[in-house]
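Asks: here is a sequence with its predicted model. Questions after.
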Amino acid sequence: MRRGVWHILSLVTLVSAAACATGCGGSQQKLSGTYAEDAERAFDDALKAYRKNDCNRAEPAFRDVRRRFPYSRYAPLAELRAADCLFKQKKYIEAIDGYKRFVEVRASHEKVPYARYQIARAYFEQIPGDWFVMPPAHERDQAATRQALRYLAEFLDAYPKHETADKARALFSKCQTYLARHELYAAGFYLKQNKPLAALMRIRTLAQDYPENLLKDDAVAIVERALRRTEGARAARLALDALAALDHEHPKVAVLRERAEERLRVLGAQ
């Protein structure tokens, strides 16, 4: 009797174990595949949210991919998309940090040019805009403009044929124009303050640093007015420096150059 009971209990145990092995095995396979498959699935889920502009969900999801699958090919892509989410949310400082980390850590990755372009774009997006309740953009701090110009120049120097190079050149030109306007504004301000030497220095900077975006008529006018307000040799030299980079075909450039040179001759200055 005891032997029969033990025989029945043994059969029940075997059947239960087999069922569990089959059921549990099937369930486990559904929940998780290989490491690479799981990484791809997690990345795709985050990417779907990103494409729907749901960065509140996508950004932490990308970070989760980076944390859970650091050795997969999706880890660097997740890092980059997390920075893209910050960019989309106009969190430009945080986005710049993310792109810079990517460039530093993933130096050989094929997406490094894209990350470097995005750094420049993020600085560009911080350039002051014109709002009716604020002073004009060219009258405000241009730190972001200078940073954008710097990173755009570095990008174009390294990747002149990249697919975003034309867009980068357009942004570069805009940055030069913004900075040229700022120098012109500063020159005009100093002239109003009766500081002609300071005004001439700003026009010299405008002429030498932004030759393709010169505001020629206004720049020449300030040189002319500044020369009238001071008789010194230094003003003549600054004027000549500025005029050398200005359009030689401008009707007043030759006249002003002659005037400055004559002043130096009269003063016996070199």
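Replies: Nice, I can see it. Numbers count the residues shown, from 1 in each chain.

Asks: let me see the mean pLDDT of stretch 77-89.
Replies: Mean pLDDT, computed over stretch 77-89, is 97.

Asks: actually, stretch 123-140.
Replies: 67.

Asks: ditto for stretch 224-237
Replies: What stretch 224-237 shows for mean pLDDT is 88.

Asks: tell me the buried residues in that stretch?
Replies: A226, L227, T230, A233, A235, A236, R237 (16 or more other C-beta atoms under 10 Å). Glycine gets a C-beta too; all of them are placed from N, C-alpha and C.

Asks: now do stretch 66-75: everything it contacts.
Replies: Y35, A36, D38, A39, E40, A42, F43, V65, A78, E79, A82 (C-beta atoms under 8 Å, 6 or more residues apart in numbering).

Asks: and the last one, which of the three is it?
Replies: Here A82 is recorded as helix under DSSP: H, G, I helix; E, B strand; the rest coil.

Asks: residue nearest the centroid of the protein?
Replies: A120 (1.9 Å; C-alpha atoms, centre = their mean).

Asks: check contacts around that residue.
Replies: A148, Y151, L152, F155, A168, L171.

Asks: again, but for D64
Replies: A42, A46.

Asks: now tabulate the buried residues of stretch 224-237 in CSV and tack on secondary structure.
Replies: Shown next, in CSV, are these (three-state DSSP):
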residue, secondary structure
A226, helix
L227, helix
T230, coil
A233, helix
A235, helix
A236, helix
R237, helix
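
Asks: from those, pick the one nearest E261.
Replies: A236 (7.5 Å; C-beta to C-beta).

Asks: from memory that closest one sits against V266, does it?
Replies: No. Using C-beta atoms under 8 Å, A236 is not in contact with V266; the gap is 9.6 Å.

Asks: quick revisit: just give me the closest of the contacts of stretch 66-75 to A244.
Replies: E79 (48.1 Å).

Asks: my read is that K216 contacts A245, right?
Replies: No. Using C-beta under 8 Å, K216 makes no contact with A245, being 10.5 Å away.

Asks: which of those two has more residues huddled nearby?
Replies: In this view K216 and A245 are compared by other C-beta atoms under 10 Å, and A245 has more residues nearby, 18 against 14.

Asks: can you pull out the helices in this structure?
Replies: 2-31, 35-51, 55-68, 74-88, 92-105, 112-124, 143-158, 165-192, 196-209, 216-229, 233-245, 253-267 (DSSP state H).
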